[in-house]
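1. Mind looking at a prediction? Sequence and model below.
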Amino acid sequence: MIIKIKVYSDYVCPFCFLAEKPLKEAIKGKDVEVEWMPFELRPYPNETLKPEGDYLQSTWKQSVYPLAERMGISIVLPSISPQPYTHLAFEGYQYAKEKGKGNEYNDRMLRAFFQEEQDIGDIDVLTKVAGEIGLNESEYRTALERRTYKEAHQKALTHAYEEVNITAVPTFVIGNTTIGGIRSKETLEQVINEEIQKKKAAISIEGMSCDMDGC
């Protein structure tokens, strides 16, 4: 009985990176299927944020760093200015997902940006990082240069923006339950267990029937 979890996130959202740890802890030993879903906070040609600006400086000082410290996660405000656009990284994600490495790719991109301060808007950087998780660098680079997965990425964004009405990240869709923001391991476990019970109840009801002579 698999419970599907979709996590909507952007590679330049620090809270998306921090949300990984409690999720991994919550799903341990459970029959769940996690899929990370693309969401661009500031799609091109909107201006992206500058790390030296007041908004990011205050947000990181007041929220990101204290939270990361409590969670025991190493994170830095990347010095890349302005912040990179993430559409190419997400097109690469579509390639990685096709190769069965979507979640591994997602994790690696977040770490490359928030722990190593790599420019994940640069094709050379993206190709190198993709190679580190075993993807074919030549194929990957060609896919980005030719924008092979542009349409697939746009469909994913349309799904997030219009079908699911995602307005902030991270957002978790666990079975039929949607919750936003970083959540504790315990909260995520509770929602997962509730969805498992709902599914069991639904299956039990579906199994009840009457034959021609019964009931």
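-> Ah, there it is. Numbers count the residues shown, from 1 in each chain.
2. got a list of what Gln118 touches?
-> Under the criterion of Cβ atoms under 8 Å, 6 or more residues apart in numbering, the contact list for Gln118 reads Ala112, Val125, Val129. Placement of C-beta: from N, CA and C, glycine included.
3. nearest to Glu98, of those residues?
-> Val129 (17.1 Å; Cβ to Cβ).
4. Just to check, the closest one is in contact with Arg108?
-> Yes: counting by Cβ atoms under 8 Å, Val129 does reach Arg108; the two are 5.8 Å apart.
5. The two: which is more packed in?
-> Val129 (23 against 18; other Cβ atoms under 10 Å).
6. What average pLDDT does the lengthiest helix in the chain get?
-> The residue-count maximum for a helix in the chain (DSSP state H) belongs to helix 185-206. For helix 185-206, mean pLDDT is 88.
7. C-alpha coordinates for that helix, CSV please?
-> Extracted as CSV, the C-alpha positions of helix 185-206 are listed here (Å, rounded to 0.1, in the frame of the first residue of the first chain):
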residue,chain,number,x,y,z
LYS,A,185,9.3,14.5,11.5
GLU,A,186,6.4,13.8,14.0
THR,A,187,3.9,15.9,12.0
LEU,A,188,4.9,14.3,8.7
GLU,A,189,4.7,10.9,10.3
GLN,A,190,1.2,11.6,11.7
VAL,A,191,-0.1,12.8,8.3
ILE,A,192,1.5,9.7,6.5
ASN,A,193,-0.1,7.3,9.1
GLU,A,194,-3.5,9.0,8.7
GLU,A,195,-3.3,8.7,4.9
ILE,A,196,-2.4,5.0,5.3
GLN,A,197,-5.4,4.4,7.6
LYS,A,198,-7.7,6.2,5.1
LYS,A,199,-6.4,4.1,2.3
LYS,A,200,-6.9,0.9,4.3
ALA,A,201,-10.4,1.9,5.1
ALA,A,202,-11.2,2.7,1.5
ILE,A,203,-9.8,-0.6,0.3
SER,A,204,-11.9,-2.4,3.0
ILE,A,205,-15.1,-0.7,1.9
GLU,A,206,-14.3,-1.5,-1.8
